[in-house]
Every structure is written in structure tokens, then in C-alpha cells.
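Asks: Attaching a predicted model along with its sequence, questions to come.
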Amino acid sequence: MSTLWHKALLYLGLVDEEAIEEESAVPVETAQVQSQVRTVADSSEGVVGRRVEPPSGRAPAVGTDRTIVSTGAATGGVRQIKSADAHCEVVEAAGFSDAKLLADRIGERVPVVLNLRATDPDMVRRLVDFASGLTYALDGTMRKISEGVILVLPPRVSLGREEKQRLADLGLYSTAEDGE
């Protein structure tokens with residue numbers, strides 16, 4: 001009996017009908033594969049199931065809430081994630097070249113305070129449009145924290161109380177804008 005694969009090859013004219021008949025006449029030996037699946041009986045609930053064991057030579061990846069565990073050789077094992085309450089960088093925007101600096105810092109997961117107070121209004125519009133597109137593309141957030149000052153945050157990063165106080169001392173953070 002021909003398989004679907006053999007029928008497709010025959011239909012496309014890639015093999016002769018005799019070649020398929022000769023191949024099907026030869027018995028095929030299957031290699032015994034050592035299974036890593038074992039049946040486990042759970043006596044507490046009376047459920048019988050199957051459990052797949054991890055490949056030998058590697059330990060299962062287990063991590064905490066702030067650590068990503070990787071078994072790849074290129075990453076070196078464990079990569080620590082920065083704290084959610086991060087120190088931010090203040091950028092005094094003078095021209096559109098500061099947009100590259102903003103994108104680089106957000107890409108490095110560093111929050112950026114964009115001070116637009118001394119910037120030309122047309123340039124402010126361009127920088128705000130760029131920052132808006134950047135935060136949308138990277139799933140970050142952007143909000144006004146004071147008059148002429150915008151906070152751009154990477155995804156899953158927030159400012160702590162100490163950092164908000166530091167920015168308030170610099171005159172860049174207004175608690176009226178924050179709603180606190």
C-alpha cells in the first residue's frame with residue numbers, strides 16, 4: 001500500500017512506480033528509542049499520568065521573580081534584571097540629535113526625563129512625536145511630569161519615591177501632575 005508521500009512523488013513524476021513497489025517490498029527496521037517518558041501514579045488522587053523528564057546533562061531552569069535563567073552557552077547562564085525602581089537620566093533637549101540619545105537610553109532600559117523648556121516649539125513637537133512613537137514601539141510609557149518636562153519609561157520600569165524626590169528637588173517633577 002502506498003503512502004501519501006509515495007503517491008505525491010509518483011504524481012509529480014519524481015519516481016517510477018516500480019521504484020515505489022521495490023521500496024515497499026524491503027522491510028524497514030525501526031531503531032529502538034530510549035524513552036524519557038515514564039508513567040507516574042499519583043496515589044492521592046488516583047490519577048495515572050505521564051511525566052516527561054528533562055534531557056540528561058542539563059538541570060531544569062528555575063529562577064526567582066527578578067532573575068531570568070537561560071541554559072544557552074552564549075548568554076553565560078543567568079542574566080540579572082535591573083531593579084524596577086530605576087535612576088533616570090535627564091536630557092536637556094536642544095535639537096533633534098537628542099532623539100537618538102533618548103532612543104539609546106530607552107533601549108538600555110534607562111528611564112529618561114526629557115526637559116523641553118528651552119527648546120523651540122517646532123522642535124518640541126518633533127521630539128514629542130518621536131518619543132511617542134518610540135514608547136509605542138517598545139511598549140513603554142510616556143507622561144508629562146511638569147510644565148515642559150516629559151518622563152519616558154521603558155516597559156516594566158517605574159520611578160521610586162527617592163527618584164521622584166530627586167527630580168522634584170531639581171524642579172523637574174511636580175506632584176500635582178502625578179496625582180499624589
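Replies: Yep, that arrived.
Asks: Outline the domain layout of this structure.
Replies: 44-80, 89-178 (automatic domain parsing).
Asks: These: lowest mean pLDDT?
Replies: Lowest mean pLDDT of the domains of the chain: domain 44-80, a mean of 55.
Asks: quick one: the helices in the chain?
Replies: 4-12, 17-25, 98-107, 121-138, 161-169, 175-178 (DSSP state H).
Asks: count of residues packed around the residue lying closest to Phe130 once chain neighbours are set aside?
Replies: In this structure, Phe130 finds its nearest non-sequential neighbour in Ala99, 4.6 Å apart by CB to CB, 6 or more residues apart in numbering. All C-beta spots, glycine's among them, are computed from the backbone N, C-alpha and C. Per other CB atoms under 10 Å, the neighbour tally for Ala99 reads 19.
Asks: Please apply the same query to Ala137.
Replies: Ala137 has 10 nearby residues by other CB under 10 Å.
Asks: Look up how far Pro155 lies from it.
Replies: 11 Å (CB to CB, to the nearest Å).
Asks: Could you verify my assumption that the residue nearest to Phe130 touches Asp129?
Replies: No: with contact defined as CB atoms under 8 Å, Ala99 does not reach Asp129; the gap is 9.6 Å.
Asks: give me every residue that touches Leu102.
Replies: Shown in contact with Leu102 (CB atoms under 8 Å, 6 or more residues apart in numbering): 91, 112, 114, 127, 130-131, 134, 152.
Asks: Go again with 10 Å.
Replies: By CB atoms under 10 Å, 6 or more residues apart in numbering, the contact list for Leu102 reads 89, 91, 93, 112, 114, 127, 130-131, 134-135, 150, 152.
Asks: And for Val90?
Replies: 112-115, 149, 166-167, 170, 172.
Asks: now with 7 Å?
Replies: Val90 makes contact with 113, 115, 172 under the criterion CB atoms under 7 Å, 6 or more residues apart in numbering.
Asks: The first one bridge partners, please.
Replies: Read it as Val113. Beta-bridge partners of Val113, counted by DSSP bridges, are Val90, Leu151.
Asks: What separation do you get for it and Thr135?
Replies: In terms of CB to CB, Val113 sits 14 Å off from Thr135.
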